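Student: Next comes the sequence, and after it the predicted model I'd like to discuss.
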Amino acid sequence: MIDAVFKSVAMEAALQSSCIFCQIARSSTSTTLLHKDDKIVAFQDINPSAFRHYLVIPIEHIPTVNDLQRRSQDFSLVSHMLNVGQSLLQRDAPHAKHYRWKAIKYMSLGPFGGFIGAEKLMQRIIPSSPL
């Protein structure tokens, strides 16, 4: 049993060390961070599709949005990510008449591509109210 747990922890550590986003979150790259706190980091996309194309990612390795659950900590994390993204846009474009919210509206579903709208994701992970 202990051997299986050790292997699982070792596999997760190997995944995190090879994950470029984990490396960025740990400041192991030369990526300039626009925001950093104890839960998330934000930076400019390396291949932007818009002038202000930012990525806001959790520091904790979360493989895909499918790994998020209906619990308050996941809901709080995603809310915080969206709030920071919006704050960055407001900070960097204070005179813009509107923000292309779509620039941070979508979140990757993982290595196979596809996207989910932020509002739909928030609905999926909103914690169930206690009975």
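Tutor: Received, thanks.
Student: remind me, longest helix of this protein?
Tutor: helix 72-92 (DSSP state H).
Student: buried set for it?
Tutor: By neighbour count with 16 or more other CB atoms under 10 Å, helix 72-92 contains the buried residues 74, 75, 77, 78, 81, 82, 84, 85, 88, 89. Quick note: C-beta positions are derived from backbone N, CA and C, even for glycine.
Student: where in this structure is pLDDT low?
Tutor: Counting by pLDDT under 70, the chain shows low-confidence ranges at 1-17, 96-113, 129-131.
Student: Enumerate the strands of it by residue range, in sequence order.
Tutor: The residue ranges that make up the strands of the chain, judged by DSSP state E, are 33-36, 40-44, 54-58, 106-108, 115-117.
Student: In the sheet, which strands lie alongside the last one, parallel or antiparallel?
Tutor: Within its sheet, strand 115-117 is paired with strand 106-108 (antiparallel), according to DSSP bridges.
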